Every structure is written in structure tokens, then in C-alpha cells.
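Engineer: Got a predicted model here, sequence first, then my questions.
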Amino acid sequence: MVACLTRYFHKIICPIVFQIEPDALLTKMQQLCVRMNVDKQPSSCEIAMEYLRKAFNRPEHRQTLVILDDVWSSDMIRYFDVGCRIIVITKDLSVVDPFTRRNEPIEVSYYPLRNKSGKIVRHENT
């Protein structure tokens, strides 16, 4: 999937996994700030949003895609709604409801891969 997306985006940041407690959100945002070459470490989520908004507005980062995986709260999406393109992966479509006016959700069914003997296999990207 990532190889396909690189035709459309200069930089892909994936995945930011959100099976975390809300207190760990700042840590995730600080990690993204580092990846986006932000000079200062934010001390709050709101400050991180401001720094990231400025970073994604720079010409070299305008074509960046951020993938948010295993999102279980719309607050998690809101904090990363900083002007970049985002793919949200969630089992609960209601978390994207506040954002559907300007975006179109795509529902994808999950079918596990099976080997020749019928056992479920896990594909890992390297």
C-alpha cells in the first residue's frame, strides 16, 4: 500500500497507532514534531497542533500523508487535523462523524489472508 501511495505523496508518516491513553497523546504529537523537523518540543497538545500546522504548511511538507491507525476517539483525529492529509483507520465509523462533512469515509472489510492449508497468516511490511 505504501509503495502505491508514494506516487501521490512526497512523504508518508505511518502508522501512528492510537491504542493509547489520552495522556500519551502528547508523546505521539511530540514524536511527529520530531519527524517534521520542528525545532521546539511542545509542552501541550494545543501547542503541538500549532507547531504541526506551521510544519505542514512548509512547501516541503505540503504533500505529506499521515496515517492514524486504530483510532477509537474523534479527539485523536481532531488533534492531528493540522492541515495535512490524513487516512484514519478505525473499527468504529462514529469516530469520523465530526469530519464527514468535508471528507468521505470508505468502509473496508477485513478478510484475513490464508495459506494453502487454510491457516490464517499475518503479512508484515518490512
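Structural biologist: Structure's in. What do you need?
Engineer: pLDDT below threshold where in this structure?
Structural biologist: Within the chain, the segments meeting pLDDT under 70 span 1-8, 10-12, 14-20, 22, 101-103, 105-126.
Engineer: can you map out the strands along it?
Structural biologist: Counting by DSSP state E, the chain has strands at residues 11-17, 64-69, 85-89, 113-114, 120-121.
Engineer: State which helix of this protein is the longest.
Structural biologist: When every helix of the chain is counted residue by residue (DSSP state H), the longest turns out to be helix 45-57.
Engineer: Show residues contacting that one.
Structural biologist: Here helix 45-57 makes contact (Cβ atoms under 8 Å, 6 or more residues apart in numbering) with 25-26, 29-30, 32-33, 36-38, 40, 42, 61-62, 64, 79-80, 82-84. For every residue, glycine as well, the C-beta is placed using N, CA and C.
Engineer: List the buried residues of it.
Structural biologist: Using 16 or more other Cβ atoms under 10 Å as the burial criterion, the residues of helix 45-57 that qualify are 45, 48, 49, 51, 52, 55, 56.
Engineer: can you give me the helices for this structure?
Structural biologist: Using DSSP H, the helices found in the chain span residues 2-5, 25-35, 45-57, 74-79.
Engineer: Only alpha carbons, please: show the last one as PDB.
Structural biologist: Included here for helix 74-79 are C-alpha records, laid out as PDB according to Å, rounded to 0.1, in the frame of the first residue of the first chain:
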ATOM      1  CA  SER A  74     -12.600  11.600  17.400                       C
ATOM      2  CA  ASP A  75     -10.500  13.700  19.700                       C
ATOM      3  CA  MET A  76      -7.400  11.800  18.500                       C
ATOM      4  CA  ILE A  77      -8.300  12.900  14.900                       C
ATOM      5  CA  ARG A  78      -9.000  16.400  15.900                       C
ATOM      6  CA  TYR A  79      -5.500  16.900  17.400                       C
END
